[in-house]
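*Asks:* please work out how this folds:
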Amino acid sequence: MSKPNSRTLDKALDLLIALGVDGGRQSFADIAETVGIPFSTARRFGAVFESRQLIVRQKAGRYLPGPALLEMAEGMPRRSVFVAMARPVLMTLSRNLGMTAHLGVLEDQMVTYLCKASAECTPLFTREGMQLEAYCSGIGKVLLAAMADDELGRYLAGGSLVALTPNTIIDPDRLRTELALVRTNGWAMEDGEVVPGLACLATPVTDPSGLIWAAISVSGERRRFDARTQARQLASLKAAADTLARLPVTLSPSGAEACAAPAPE
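*Replies:* Purely as a prediction, here's the structure:
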C-alpha cells in the first residue's frame, strides 16, 4: 500500500472531525460533500474509521463518534488540557515578577481559579479549583467589568456585599464606578480587599473575537505595587494574556453564550 500524502491525510482528518462534530444529524454523503471529498473516497476512509472504532453506525448513512474517539476525548477533559498548556505561561509570569500568578474565570458569579503558579517562598491561601467572591478580587473585577450593563445590574442587585476587610468595596454604586474605571483602563487593582496588606493586579484574557472570558493576575505584598513598577507588571501581564489567547485549546464560550463585552482598545 502506498504511503498517503499529506493532502490525503488532511482530507481524511477533515472527514473524521466533521463526522464527530455532526453527531449523526446529517447523512454520510452530505458530510463528505461538505468536506469536499468524493463519495467513493469518503467511503474508504469511513470503512477504516469504523474498523478502528473511531465512528459507529447509528443507522444507514448516519454515524456517531465511536468508543475509540470518545476514549481519547474523555482521557483528558478540555479544561485539563487548557490548564496544562496555560501553566508554563503562568510560571514564566510568576518568575519574571517574583509574585503569585493566577488564571481565573467567572462561574455562578464567583471567580474560579483554574491555575496558580507561585515563585514566592510564602504561598498564598488560594488554590486551584477554589472559588472567591468576584467583587473583591482583581480577576473578579476584570470579569465583572466585562459584563453587559443589564447583567451587571442583576449581579449587584443579587444580594448584599460582605466586607472581608476594611478595604472591601461593599457599596454597589461605588463598585459600579470602579468597574467603569476598570473597563476604561483595561486592568483592575485589588488593594487589601480580601486579606489586609495583600494586593493584586489583573488583566483580561480574550478569545480571537475580542471577548473577555478569563483574567490573569499577579498577587503579592501591597508595597510591591507602586507607580514605578506597575508599568512593568502590566506589560508582563498583557504579554502573558496575549500568549494565552493564542493557545490552540481554549475554554472560551461561543459568542451566544459569552457573558463578556469586547476588550478595550
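*Asks:* packing partners of the lowest-mean-pLDDT helix or strand in the chain?
*Replies:* Scoring the helices and strands of the chain by mean pLDDT, DSSP states H and E places helix 67-75 at the bottom, with a mean of 78. The criterion is 3 or more CB pairs under 8 Å, 6 or more residues apart in numbering; DSSP states H and E, and there are no helices or strands that helix 67-75 contacts. C-beta: built from backbone N, CA, C; applies to glycine.
*Asks:* show the average pLDDT along the helix or strand following it.
*Replies:* Going down the chain from helix 67-75, the next helix or strand is helix 78-97, by DSSP states H and E. The pLDDT scores in helix 78-97 average 92.
*Asks:* centre of the chain versus the following helix or strand past helix 78-97, how much separation?
*Replies:* With elements assigned by DSSP H and E, the helix or strand that comes after helix 78-97 is strand 100-107. How far strand 100-107 lies from its chain's middle: 9 Å, per CA atoms, centre = their mean, to the nearest Å.
*Asks:* strand 100-107 to helix 78-97, inter-axis angle?
*Replies:* 150 degrees (axes from the mean of the first three to the mean of the last three CA atoms, to 10 degrees).
*Asks:* start the count at 38, not 1, going forward
*Replies:* New numbering, starting at 38: the last item is strand 137-144.
*Asks:* residue 75: neighbour count?
*Replies:* 11 (other CB atoms under 10 Å).
*Asks:* please report phi then psi for it.
*Replies:* Main-chain dihedrals, residue 75, degrees, to the nearest 10: phi -60, psi 140.
*Asks:* same question for the one 10 residues further on.
*Replies:* Residue 85 adopts backbone torsions of phi -70, psi -40, taken as degrees, to the nearest 10.
*Asks:* now do it against residue 45, distance only.
*Replies:* As for residue 85, its distance to residue 45 is 12 Å (criterion: CB to CB, to the nearest Å).
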